[in-house]
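[1] need a 3D model of the following:
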Amino acid sequence: MARFPRIRKNPYDSARSEIRSGDILLASGNYMFSKLIRKATDSCWSHVAFVMRLDEIDRVMVLESIEGKGVRTLPLSEYVSNFEGSGEGYNGRLAIARHSDFEAKVTAKKMKSLAQFAVDRFAYPYDEEEIARITARIVGAKLGFKPREMKRNEEYICSEYVYECYRKVGIRIRQGNSGFIAPGDFPADSRVRLQFEIVASLP
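    Alright, predicted model coming up:
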């Protein structure tokens, strides 16, 4: 399994000011399901979301699709200090990445379109059946079967949600050979560059 990359550690209080709308949040989780995703995709990444700044109310929001809850939004600060109301940060490591074409391609009009598309999908279900199909495809690929691309529907796993939001503004993430878009496909795209790891504070 790939290791977490060596990148600059940035405490949340300073990271917050560097983050831009449209940035990608990548997670390397230590939860049971996260470990399964990491192992199955041979990647250190188990989850992907994207970030939207709401400077008018002084919030940096994460937009994502997660198992058991579907599409939702929550403040990035909750990932750092109070994930799922636990009183503690996310159990794993977090990084911010940026698509090199985003600022040049995404005008204010397109950003509005992306935000509308993303918000209109709040409460859409997480695609549990697709996870089962993905698992079967991963096993098949390891046995030498060539996977066919999966048909997309109105249910999302995390990577599909971000992929579709980006596609709405004309940015396509290059997909690997697994037959589905995986969290690890985002940093594997040469146009996506890791910026820093978010930590609660420096030691």
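[2] so who does residue 91 touch?
    Under the criterion of C-beta atoms under 8 Å, 6 or more residues apart in numbering, the neighbours of residue 91 are 29, 30, 31, 83. C-betas here are computed from N, CA, C, even on glycine.
[3] er, residue 70 I mean
    When contacts are counted by C-beta under 8 Å, 6+ apart, residue 70 is found next to 123, 124, 125, 126, 155, 156.
[4] tell me the pLDDT of the first one.
    Turning to residue 123, the model gives it a pLDDT of 83.
[5] which one is it nearest to, not counting chain neighbours?
    residue 70 (5.8 Å; C-beta to C-beta, 6 or more residues apart in numbering).
[6] repeat for the second one
    In space, residue 124 comes closest to residue 71 once its chain neighbours are excluded; the distance is 4.5 Å by C-beta to C-beta, 6+ apart.
[7] just the buried residues of the one helix or strand that neighbour maps to, please?
    In this structure, residue 71 is located in strand 70-75 according to DSSP states H and E. Neighbour-count burial for strand 70-75 flags 70, 71, 72, 74 (criterion: 16 or more other C-beta atoms under 10 Å).
[8] which strand residues bridge the residue nearest to residue 123?
    According to DSSP bridges, the residues that bridge with residue 70 are residue 66.
[9] circling back: drop anything exposed from the contacts of residue 91.
    When the contacts of residue 91 are checked against 16+ other C-beta under 10 Å, the ones flagged as buried are residue 29.
[10] give me the distance from the strand holding residue 71 to the chain's centre.
    Strand 70-75 has its C-alpha centroid displaced from the chain centroid by 12 Å (C-alpha atoms, centre = their mean, to the nearest Å).
[11] what's the first helix or strand after it?
    Remark: after strand 70-75, the chain's next helix or strand is helix 76-81, criterion DSSP H and E.
[12] list the helices and strands that next one packs on?
    helix 12-18, strand 24-29, strand 59-66, strand 192-199 (3 or more C-beta pairs under 8 Å, 6 or more residues apart in numbering; DSSP states H and E).
[13] show me what the third one is packed against.
    To tie it back to what came earlier, the one meant is strand 59-66. Packing partners of strand 59-66 (3+ C-beta pairs under 8 Å, 6+ apart): strand 47-54, strand 70-75, helix 76-81, helix 158-168.
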